[in-house]
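Asker: Need a 3D model of the following:
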Amino acid sequence: MKILIALMVLCSLLLGCSGTRKYWTKENLDPKQYRKDESYCREQARSSEYKSEDIYKQCMFSMGYIYVEEKEERR
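Answerer: Numbering: from 1, shown residues only. Predicted coordinates for the structure are as follows:
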């Protein structure tokens, strides 16, 4: 039980301290189309023999999306 509590505390600290917001976007983003595109790219990555993260990113880029990482300011 103590180990579980320690893991939960550690996870919450790590998540709370990340300070970076990451997301995919593109001009005139349509949420429905994004879900379709994202699902398609996920499936392409899953079925590939190459590194799935790279395939996923290439697929999203090929559909016009850009990956944004924003540093969140601490208050």
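Asker: lowest average confidence, helix or strand, in the chain?
Answerer: Least confident helix or strand, the chain: helix 2-16 with a mean of 50, by mean pLDDT, DSSP states H and E.
Asker: can you give me how far stretch 66-75 is from the chain middle?
Answerer: Distance, stretch centre to chain centre, for stretch 66-75: 13 Å (CA atoms, centre = their mean, to the nearest Å).
Asker: how about the helices in the protein?
Answerer: 2-16, 31-46, 52-62 (DSSP state H).
Asker: Look up how far residue 44 lies from the closest residue to residue 46 other than its chain neighbours.
Answerer: Counting by CB to CB, 6 or more residues apart in numbering, the nearest residue to residue 46 once its immediate chain neighbours are dropped is residue 52, at 6.4 Å. Where C-beta positions appear, they are placed from N, C-alpha and C, glycine not excepted. Using CB to CB, to the nearest Å, we find residue 52 at a distance of 9 Å from residue 44.
Asker: Likewise for residue 35?
Answerer: Applying CB to CB to residue 35 and residue 44 gives a distance of 15 Å.
Asker: These two - which one has more neighbours?
Answerer: Neighbour totals were compared for residue 35 and residue 44, and residue 44 leads with 16 against 10 (other CB atoms under 10 Å).
Asker: quick one: contacts for that one?
Answerer: 55, 56, 59 (CB atoms under 8 Å, 6 or more residues apart in numbering).
Asker: closest to residue 27 among those residues?
Answerer: Set against residue 27, the nearest of these by CB to CB is residue 59 (18.1 Å).
Asker: Check the burial of that closest one by counting its neighbours.
Answerer: For residue 59, using other CB under 10 Å, the count is 19.
Asker: so it touches residue 39, yeah?
Answerer: No - counting by CB atoms under 8 Å, residue 59 does not reach residue 39; the two are 10.7 Å apart.
Asker: List the residues that are in contact with both of the two.
Answerer: Joint contacts of residue 59 and residue 39 (CB under 8 Å, 6+ apart) do not exist.
Asker: Assess the claim that residue 23 and residue 68 are in contact.
Answerer: Yes - Residue 23 lies in contact with residue 68 (CB under 8 Å); the separation is 5.6 Å.
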